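**Student:** dropping the sequence and predicted coords here.
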Amino acid sequence: MSGTLWKIARQSKQGRKKENRALFFVLFFLFFLTAAGITWFSAAGKVQEEERYSAFGEWKAAYYGADEAQRDQFLENPATSRSGVSAVVGSVIAPDAEERLEDLEQEFAFMYMGSEVPEVTLERMGRDVLALESEAEVMEYLGFSAVLGTLDEGTCGLGRISLASGAYPQAEDEIAVVRSSLTRMGYGAELGQTIQVEVYSPGSETVTKEYRLCGILEPYGGGWNTKTYPLVSAVITPEAAEQYPWEPSYNVFLDYAGSVSESPYIYGLNESG
């Protein structure tokens, strides 16, 4: 009798061991699935964040076309944790702009054929032939191939701006250009070549300068909310920018602790990222 009871007890104990082992494996498997799921969602979240940063940059607020006083006001705001400033010097006139200008002049002359021709100015030709109201609008119609200016380290970091090849300009005679703008300017991708730019700023005479191509930039800003303001695509040094006889405007990019929706309240901005 006692032997039978002992056998039953031993079998019961062995059964409990099997159940415990089975329970352990079930719990381990559930733990493994949970940990794997958390890791996957975390990794997927980081990938999505990186994709968002690559497309839209890390900045949370931006002000375009600022003057020096506005620029300094944003930079000195105590809420700002990171900032970047891009000086916009002017627009590089496209190689085929001269042909378009000749066509515009011919249309203007034809319009006044047989009558007294008024003073020929860009503004007058734009108004009479193209129904445009300003010289700046006429120049935009004639065509720009790039926007000349500067990109500081903060702007490159917040905007995830990078080089495809070469280096950023260090000397006053160096320039780095976004590849698509380089093509529109009529140049290939050979580093070291001489790049000639004719730069326009509203209300000023155009200025022509030559630079040595030191770098090619990856395209950027395609998904940015710029309110139609231009982004710099042909980069020179701040010292080179100072050689132009007019004051640049500034695109200011900002980061701070808080959500994007708080931008207008923190900075009083009209343009927020």
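**Tutor:** In hand now; what should we look at? Since this is a predicted model, take the numbers as computed values, not measurements. Residues are numbered from 1 along each chain as shown.
**Student:** pLDDT below threshold where in the stretch 51-200 of the chain?
**Tutor:** Along the stretch 51-200 of the chain, the parts satisfying pLDDT under 70 run over 51-56.
**Student:** and the helices in it?
**Tutor:** In the stretch 51-200 of the chain, helices defined by DSSP state H, counting those that start in this stretch lie at 68-75, 97-111, 122-125, 135-142, 153-158, 179-184, listed in chain order.
**Student:** for the last one, the distance to its chain's centre please.
**Tutor:** Looking back up the chat, that one is helix 179-184. 16 Å (CA atoms, centre = their mean, to the nearest Å).
**Student:** got the buried residues for that helix?
**Tutor:** 179, 181-182, 184 (16 or more other CB atoms under 10 Å). C-betas here are computed from N, CA, C, even on glycine.
**Student:** and residue 195, which of the helices of the stretch 51-200 of the chain is closest to it?
**Tutor:** Proximity to residue 195 (CB to CB) singles out helix 179-184 among these, at 8.0 Å.
**Student:** got the CA coordinates for that closest one in PDB?
**Tutor:** The C-alpha trace of helix 179-184 is given here as PDB (Å, rounded to 0.1, in the frame of the first residue of the first chain):
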ATOM      1  CA  ARG A 179      23.700  69.800 -58.000                       C
ATOM      2  CA  SER A 180      20.400  70.700 -59.600                       C
ATOM      3  CA  SER A 181      21.300  74.400 -59.300                       C
ATOM      4  CA  LEU A 182      24.700  73.700 -60.800                       C
ATOM      5  CA  THR A 183      23.100  72.100 -63.800                       C
ATOM      6  CA  ARG A 184      20.700  75.100 -64.200                       C
END
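**Student:** other SSEs contacting that helix?
**Tutor:** strand 144-149, strand 207-217 (3 or more CB pairs under 8 Å, 6 or more residues apart in numbering; DSSP states H and E).
**Student:** show residues contacting the last one.
**Tutor:** By that I understand strand 207-217. Residues outside strand 207-217 that contact it (CB atoms under 8 Å, 6 or more residues apart in numbering) are 90, 161-170, 173-179, 182, 187, 189-199, 233, 235-236, 240, 243-245.
**Student:** same check on the shortest one?
**Tutor:** Here strand 144-149 makes contact (CB under 8 Å, 6+ apart) with 86-95, 97, 177-178, 181-182, 184-186, 197, 199-200, 230-236, 241, 248.
**Student:** which ones among these are found in strands?
**Tutor:** 86-93, 177-178, 197, 199-200, 234-235 (DSSP state E).
**Student:** using TSV, please lay out the helices and strands packed on helix 179-184 together with distance to residue 116 and mean neighbour count.
**Tutor:** Below are the helices and strands packed on helix 179-184 laid out as TSV (distance: least, CB to CB, whole Å; neighbours: other CB atoms under 10 Å):
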stretch	distance to residue 116	mean neighbour count
strand 144-149	33	25
strand 207-217	34	18
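**Student:** export those strands to JSON lines and tack on distance to residue 71?
**Tutor:** As requested, the helices and strands packed on helix 179-184 are exported to JSON lines (distance: least, CB to CB, whole Å):
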{"stretch": "strand 144-149", "distance to residue 71": "13"}
{"stretch": "strand 207-217", "distance to residue 71": "23"}
